[in-house]
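Enquirer: just a sequence and a predicted model for now, questions to come.
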Amino acid sequence: MTIGAGPGGPGVLVIEPMGNAGRFLVEAADRLGLRLYAATHKEVHDAYPERLRSALAGVCATDLTDTPRALADMEAFCRGHALEGVAACFELFTPLAALLAERLGLPGNDPLLARAARNKILMGEAFAAAGIPAPRWAVAHDADEAHRVARTGGLGWPLVVKPAEQGGSWGVSVVDGPDRLTSAVAAAQRFTHAQPHGLRLDTRVLLQEYVPGAEYSCETVAADGVAHPLPVVAKDTTRGRYRIETGHTCPSGLDGPLERAVQHTAARAALAVGVRNGIAHTELKIPPGSRTPHVIETGARLPGDNLCEVVEAATGVSEAVAHLQAVLGRVPDTVATTTAAASIRFLLPERGGVLRRASIPQAPGTHGELHLEPGDTVPEPADSACRIGHVLARAATPGQARDLAAGVAARSRVEVG
């Protein structure tokens, strides 16, 4: 089923542009003079914000959870519209994008490895095969097995418990001992299907060794199998059982050799899960006293958390532009054009409830955005879904940008009843 049509430059089909990164793909396509199309479910498309709907040249309405049907529908759509690129925006559909690109003979990721960028168990196997530094891990099907693994597997405490397939820190817990392990497994397994599409998920649980140390993220753009590193970003999270990202800062503040080590390790991780044409978002930690980055996970997609905006504000590099260039078989633009710093801070509630009021004060060098409106339900602060808004600041140095954003966030007003 086709919705809409429009003239323009080369066309790219984005498999599910909903979510944080979709807006940046729209802006990037406009800069590059591209026609942007979406593949999604009709009812999901009907709920798109008007800004996204109006930016699309057309929509292939299909059932993305039915791989044979979706591939047939999208192949016919791409051929009918003479599209020249395929990109995934929704992480769980990255294997589907790889299969479609292969069918069409377009630049894409390795379809034999692509599922490892979605499934953290396959990802761990891919990292081990490539010799990439990463936490030790084990798999559990239920709480009883998790307790047996915790007792005998040598992973130690604390222990990270996460779903095999999910993102956005959803279902992820850090537990200090066996008393909370059963509830952590239940939290990880509560996601049986990914919404709003109803995609069935692998409900196994990954038990991962806890790696202490500072956290970072780094995007890699691959073009014809050649990795092009992007800037390293420092990440801040909450403490305790749930580790929710509270902010990001670019540049990272690492010294040159260590920054390059992070970029190199992130690139190896991306290539290990089959990224060949497109972008990957990799999360890493550096243990205290070490200069060896450890990969926590990677995904064959643009980052969330407005990281595209953070990186571009600091460096002038558009990660979304680079991603679209790569899926079209072009050499991506990844050279910084400015030297500044940017930081984002998220507004988190102390508890769940109903949002009564929220406001972000104005300050030079910053802008804020509210994600929720008064009357909206605020989830319990267990994952990134609870965020009420954010503040982004740009300054001369990472410390100045972080302090500026944090200061505005601290003066913001949030009331949850």
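Expert: Yep, it's here.
Enquirer: number of nearby residues for Arg356?
Expert: 12 (other CB atoms under 10 Å). C-beta here means a position set from N, CA and C on the backbone, and glycine is covered the same way.
Enquirer: OK, contacts around it?
Expert: Contacts for Arg356 (CB atoms under 8 Å, 6 or more residues apart in numbering) come out as Pro374, Glu415, Val416, Gly417.
Enquirer: gap between the two ends of stretch 82-98?
Expert: Distance across stretch 82-98, first residue to last, is 18 Å (CA to CA, to the nearest Å).
Enquirer: pull the distance from it to the chain's centre.
Expert: Remark: stretch 82-98 is offset 15 Å from the chain centroid, using CA atoms, centre = their mean, to the nearest Å.
Enquirer: what's the answer for stretch 387-395, then?
Expert: 18 Å.
Enquirer: average pLDDT across that stretch?
Expert: Stretch 387-395 shows a mean pLDDT of 97.
Enquirer: run through who's touching it.
Expert: Contacts for stretch 387-395 (CB under 8 Å, 6+ apart): 306, 309-310, 313-314, 340-349, 355, 358, 360, 363, 365-372, 378, 401-402, 404-405, 408-409, 412, 414.
Enquirer: again, 6 Å this time
Expert: Around stretch 387-395, the neighbours that count as contacts under CB atoms under 6 Å, 6 or more residues apart in numbering are 313, 340-347, 358, 360, 365-372, 401, 404-405, 408-409, 414.
Enquirer: do the same with stretch 328-344
Expert: 84-85, 107, 221, 223, 228, 230, 247-250, 306, 310, 313-317, 322, 325-326, 390, 392-395, 397-398, 401-402, 405.
Enquirer: quick one: buried ones out of the residues you listed?
Expert: With burial judged by 16 or more other CB atoms under 10 Å, the buried subset of the contacts of stretch 328-344 is 84-85, 107, 221, 223, 228, 230, 247-250, 306, 310, 313-315, 317, 322, 325-326, 390, 392-395, 398, 401-402, 405.
Enquirer: of those residues, which belong to helices?
Expert: Among the buried ones among the contacts of stretch 328-344, the residues falling in helices (DSSP state H) are Val310, Ala313, Ala314, Thr315, Ala322, Gln325, Ala326, Pro398, Ala401, Arg402, Ala405.
Enquirer: for the longest helix along the chain, buried residues please.
Expert: If you go by DSSP H, the chain has its longest helix at helix 256-272. The neighbour-count check on helix 256-272 (16+ other CB under 10 Å) flags 258-259, 261-263, 265-272 as buried.
Enquirer: please apply the same query to stretch 192-209.
Expert: Per 16+ other CB under 10 Å, stretch 192-209 contains these buried residues: Ala194, His197, Leu199, Leu201, Asp202, Thr203, Arg204, Val205, Leu206, Leu207, Gln208, Glu209.
Enquirer: lowest pLDDT pick from the residues you listed?
Expert: Taking those together, the minimum pLDDT is found at Ala194 (92).
Enquirer: helix/strand/coil for Val354?
Expert: Three-state assignment for Val354 (DSSP: H, G, I helix; E, B strand; the rest coil): strand.
Enquirer: ok, now which ones touch the closest residue to it other than its chain neighbours?
Expert: Using CB to CB, 6 or more residues apart in numbering and skipping the chain neighbours, the partner closest in space to Val354 is Gly417 (5.4 Å). For Gly417, the contact set (CB under 6 Å, 6+ apart) comprises Gly353, Val354, Arg356.
Enquirer: now, which of those residues sits nearest His294?
Expert: Of all the contacts of Gly417, His294 sits closest to Gly353, with 36.9 Å by CB to CB.
Enquirer: leaving out the residues flanking it, which one is nearest to the most centrally placed residue in the chain?
Expert: Nearest to the geometric centre of the chain sits Pro303, at 3.8 Å (CA atoms, centre = their mean). Closest residue to Pro303 apart from its sequence neighbours, by CB to CB, 6+ apart: His281 at 4.2 Å.
Enquirer: still on that earlier bit, how much space separates the residue nearest to Val354 from Thr377?
Expert: 11 Å (CB to CB, to the nearest Å).
Enquirer: tell me which residues in stretch 273-291 are buried?
Expert: Buried residues in stretch 273-291 (16+ other CB under 10 Å): 273-286.
Enquirer: what's the average pLDDT for stretch 14-27?
Expert: Across stretch 14-27, the average pLDDT comes to 92.
Enquirer: what's the answer for stretch 244-253, then?
Expert: Average pLDDT, stretch 244-253: 95.
Enquirer: what does that stretch rub up against?
Expert: Here stretch 244-253 makes contact (CB under 6 Å, 6+ apart) with 169, 216, 231-238, 305, 310-311, 314, 342-346, 384, 398, 402.
Enquirer: what subset of these is buried?
Expert: Buried members of these, scored by 16+ other CB under 10 Å, are 169, 216, 231-236, 305, 310-311, 314, 342-346, 384, 398, 402.
Enquirer: Glu319 and Leu36: what is the separation?
Expert: 16 Å.
Enquirer: near the closest residue to Asp30 other than its chain neighbours, how many other residues are there?
Expert: Closest residue to Asp30 apart from its sequence neighbours, by CB to CB, 6+ apart: Ala55 at 7.5 Å. Using other CB under 10 Å, Ala55 is surrounded by 20 other residues.
Enquirer: can you put the buried residues of helix 256-272 in JSON lines and add distance to Leu181?
Expert: JSON lines is the format used below for the buried residues of helix 256-272 (distance: CB to CB, whole Å):
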{"residue": "Leu258", "distance to Leu181": "34"}
{"residue": "Glu259", "distance to Leu181": "36"}
{"residue": "Ala261", "distance to Leu181": "34"}
{"residue": "Val262", "distance to Leu181": "31"}
{"residue": "Gln263", "distance to Leu181": "35"}
{"residue": "Thr265", "distance to Leu181": "30"}
{"residue": "Ala266", "distance to Leu181": "31"}
{"residue": "Ala267", "distance to Leu181": "35"}
{"residue": "Arg268", "distance to Leu181": "32"}
{"residue": "Ala269", "distance to Leu181": "28"}
{"residue": "Ala270", "distance to Leu181": "32"}
{"residue": "Leu271", "distance to Leu181": "34"}
{"residue": "Ala272", "distance to Leu181": "29"}
